[in-house]
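1. With the sequence up front, the predicted model follows.
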Amino acid sequence: MSGKKEVKSNGKKKCNCPFLLKGKKLASDDNWALKVINGQHNHPAAQHLEGHSFARRLTKEEVNMLIDLSKSEVKPKNILHTLQNRDIHNVSTMKTIYNARYKYKVVEQAGRSQIQHLMSKLNEHNYIEWHRSHEDTDCITDLFWVHRSTIELLRAFPCVLIMDCTYKTNKYRYPLLEIVGVTSTNLTFCVGFALFQFEREDNYVWALEKLKTIMEDKMLPSVIVTDRELALMNAIRKIFPTAINLLCRWQSIKQSIFFFKV
C-alpha cells in the first residue's frame, strides 16, 4: 500500500457547463418562451442519447406495460426487449427497468413491511393463511397458505399427494414446501405452500397439521410421494400414519448427482 487515499468516482454528471437557458410559461396558453442566457458549451455534442437519463425516461404507457409484464413474472431483460421492439426510438437501459420496477413496488407496499404486504396480497387474492411467530421477537417464522378454490379440489381428489421442499431458491433462503395433488385423470394441481425458518421435523409437522384441517377426516391421503427428506418423512408418519410414503427415485438420483458434483 502506498498510503495515498484512493479517489473514487461518485458518478456525477456535472461538468460546469456555462450553457444557460431561461424558460417562462406563457399566461395565454401552455406554450413557453425561451431565452438563451449563455449559448456556450464546454463539451462536445452527444452522439448518442443512451447515456442521458432524460432520454431514457419511460412514457406513461410504457410504465403501465412494464407493470403488467412485471405482474406476469416477465424478466426485466425481456421487458426491455418488448419496449424497444414497440418503439425504435426507445433508448432505455436495464437500469431504467429496474428503477421503474422498484418505484412501483414502493408505491404498491404503501409504507407496509414486506410481510404485511404479503399478508395483504394473500387476502386480496382469496388465499387462506396460517402462521406462527417467535415467542420473544413476535417475528413470523413459519407461513402456510392455500387458495380457497383448492380446498374443494383437494377434498375431491385426496388420495395422492406429492411433497417437495426446496431451499436457497428465494431471497431469504428459507425452505419452501410445495404440496401438489393428483386428479383421477393424472392431472396435477397445486394444493398449497409453506415457508419455513428451518427445515426440521417440527416445521413439517406444523404445516401438515394445517393441511389436515382443510381435509375431511374420512378422505385423507393414501399415498404421499416425497424425496428422501427424513424430517418430512417422520412428520408424515405422525400426521398421516395410514398413508404410504413413496420415494421419488428421479428426485433422489438428481440430488445424488448434484451432491457428488459438489
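-> Cool, the structure landed. Here the structure is a predicted model, which is why all the values come from computation and not from measurement.

2. so what's the backbone phi/psi at residue 131?
-> When read as degrees, to the nearest 10, the backbone of residue 131 gives phi -150, psi 160.

3. and it, what does it touch?
-> 140, 142-144 (C-beta atoms under 8 Å, 6 or more residues apart in numbering). Quick note: C-beta positions are derived from backbone N, CA and C, even for glycine.

4. beta partners of it?
-> Assessed by DSSP bridges, residue 131 has beta-bridge partners residue 143.

5. For it, give its distance to residue 112.
-> The gap separating residue 131 from residue 112 is 16 Å, by C-beta to C-beta, to the nearest Å.

6. Report the buried members of the contacts of residue 131.
-> 142-144 (16 or more other C-beta atoms under 10 Å).

7. Checking residue 177 next. Helix, strand or coil?
-> strand (DSSP: H, G, I helix; E, B strand; the rest coil).

8. nearest spatial neighbour of it, skipping sequence neighbours?
-> residue 194 (4.1 Å; C-beta to C-beta, 6 or more residues apart in numbering).

9. and the host helix or strand of that neighbour, what does it pack onto?
-> For residue 194, the host element (DSSP states H and E) is strand 188-195. Helices and strands touching strand 188-195, by 3 or more C-beta pairs under 8 Å, 6 or more residues apart in numbering; DSSP states H and E, are strand 140-147, helix 148-156, strand 176-182, helix 201-213.

10. partners of that strand in the sheet?
-> strand 140-147 (antiparallel), strand 176-182 (antiparallel).

11. quick one: contacts of it?
-> By C-beta under 8 Å, 6+ apart, the list of residues contacting strand 188-195 from outside reads 142-147, 150, 153-154, 157, 161-162, 170, 174-183, 203, 207, 210-211.

12. Quick check: buried residues in that strand?
-> 191-195.

13. okay, the angle between that strand and helix 148-156?
-> Compare the direction of strand 188-195 with that of helix 148-156 by axes from the mean of the first three to the mean of the last three C-alpha atoms, to 10 degrees and you get 120 degrees.

14. and strand 188-195, C-alpha only, in PDB?
-> The C-alpha trace of strand 188-195 is given here as PDB (Å, rounded to 0.1, in the frame of the first residue of the first chain):
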ATOM      1  CA  THR A 188     -51.700 -32.300 -11.100                       C
ATOM      2  CA  PHE A 189     -52.900 -29.200  -9.200                       C
ATOM      3  CA  CYS A 190     -51.300 -27.000  -6.600                       C
ATOM      4  CA  VAL A 191     -52.500 -27.600  -3.100                       C
ATOM      5  CA  GLY A 192     -50.500 -25.200  -1.000                       C
ATOM      6  CA  PHE A 193     -47.200 -23.800   0.100                       C
ATOM      7  CA  ALA A 194     -45.300 -23.500   3.300                       C
ATOM      8  CA  LEU A 195     -42.300 -21.200   4.000                       C
END
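
15. Off-centre distance for it?
-> Its chain's average C-alpha position is 17 Å from that of strand 188-195, according to C-alpha atoms, centre = their mean, to the nearest Å.

16. can you give me the strands in the protein?
-> 20-25, 32-38, 127-133, 140-147, 160-166, 176-182, 188-195, 223-226, 244-247 (DSSP state E).

17. Next, count neighbours for the residue lying closest to residue 164 once chain neighbours are set aside.
-> Spatial nearest neighbour of residue 164, excluding adjacent residues (C-beta to C-beta, 6+ apart): residue 178 at 5.4 Å. Counted by other C-beta atoms under 10 Å, the residues lying close to residue 178 total 14.
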